[in-house]
Structure formats: C-alpha cells, structure tokens
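Engineer: How does the following fold in three dimensions:
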Amino acid sequence: MPISIRLGDQLEHRLSTVSKRLRVNKSEVVKRSLEAYLDQLEPGKSAYQLGEDLFGADASMVSDVSANYKALLEKKLRAKHRR
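Structural biologist: Numbering: from 1, shown residues only. Below you'll find the predicted structure:
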C-alpha cells in the first residue's frame, strides 16, 4: 500500500545517508524502521515467557535448590569425601 509522508530536511538527509550506506532504497529503510518501531510498541512475550523452557533446566529434580543450597552442597561434599 503506498503511503506519503513529509520529512524535514535533516530527516531526509539522514534517510538518504542510511539508505546509501545499507545499499537499499529509502522505502526499504522506512519499512525496516517502522517495523522495528512497531515491534517495540506492541506487547511481546514477557521475560518469563522467553525463558520459560530454561527454568529448572538443571534437571536435578530438586525444587527448592535456591532455598536449601547450603544443605544440599554440604550433603554433596560429605558424600564426595566419604569415598
């Protein structure tokens, strides 16, 4: 869909500079910029959703590691040095 916008001289110059540096036309720069801007505005996945598959990834099957790490570490060290 064609769209028309008015740009100030400084913004036009910046757009020209970037399009030349990237070796793409101005329309492509505007499309990429607009898409990046809209992606920032739209609600995406939360930090939890992004890392959900990684939580509990240690496969230790112990659910309270952060609460009882000292006791768990002591138990492992005692078992290691009994050998």
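
Engineer: so what secondary structure elements neighbour the worst-scoring helix or strand of the chain on mean pLDDT?
Structural biologist: Every helix and strand of the chain was ranked by mean pLDDT, DSSP states H and E. The lowest is helix 47-51, at a mean of 82. Helix 47-51 sits against no helix or strand, with contacts defined as 3 or more CB pairs under 8 Å, 6 or more residues apart in numbering; DSSP states H and E. Any C-beta I mention is one placed from the backbone N, CA and C, and that applies to glycine too.

Engineer: got the CA positions of that helix in CSV?
Structural biologist: Output in CSV follows, covering the C-alpha atoms of helix 47-51 (Å, rounded to 0.1, in the frame of the first residue of the first chain):
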residue,chain,number,x,y,z
ALA,A,47,10.8,-12.2,30.3
TYR,A,48,9.3,-15.2,31.9
GLN,A,49,7.7,-16.4,28.7
LEU,A,50,11.0,-16.0,26.8
GLY,A,51,13.0,-18.1,29.4
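
Engineer: Using CSV, write out every CA atom in the helix or strand following it.
Structural biologist: Downstream of helix 47-51, the first helix or strand assigned by DSSP states H and E is helix 69-82. Extracted in CSV, the C-alpha atoms of helix 69-82 (Å, rounded to 0.1, in the frame of the first residue of the first chain):
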residue,chain,number,x,y,z
TYR,A,69,21.5,-24.7,48.6
LYS,A,70,23.8,-24.8,51.7
ALA,A,71,22.3,-28.1,53.0
LEU,A,72,22.4,-29.6,49.5
LEU,A,73,26.0,-28.5,49.0
GLU,A,74,27.1,-29.9,52.4
LYS,A,75,25.4,-33.2,51.6
LYS,A,76,27.2,-33.5,48.2
LEU,A,77,30.5,-32.6,49.8
ARG,A,78,30.1,-35.2,52.6
ALA,A,79,29.2,-37.9,50.1
LYS,A,80,32.2,-37.0,47.9
HIS,A,81,34.7,-37.2,50.7
ARG,A,82,33.3,-40.4,52.2
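
Engineer: Poorly predicted segments of this protein, please.
Structural biologist: Applying pLDDT under 70 to the chain flags residues 56-63, 65, 83.
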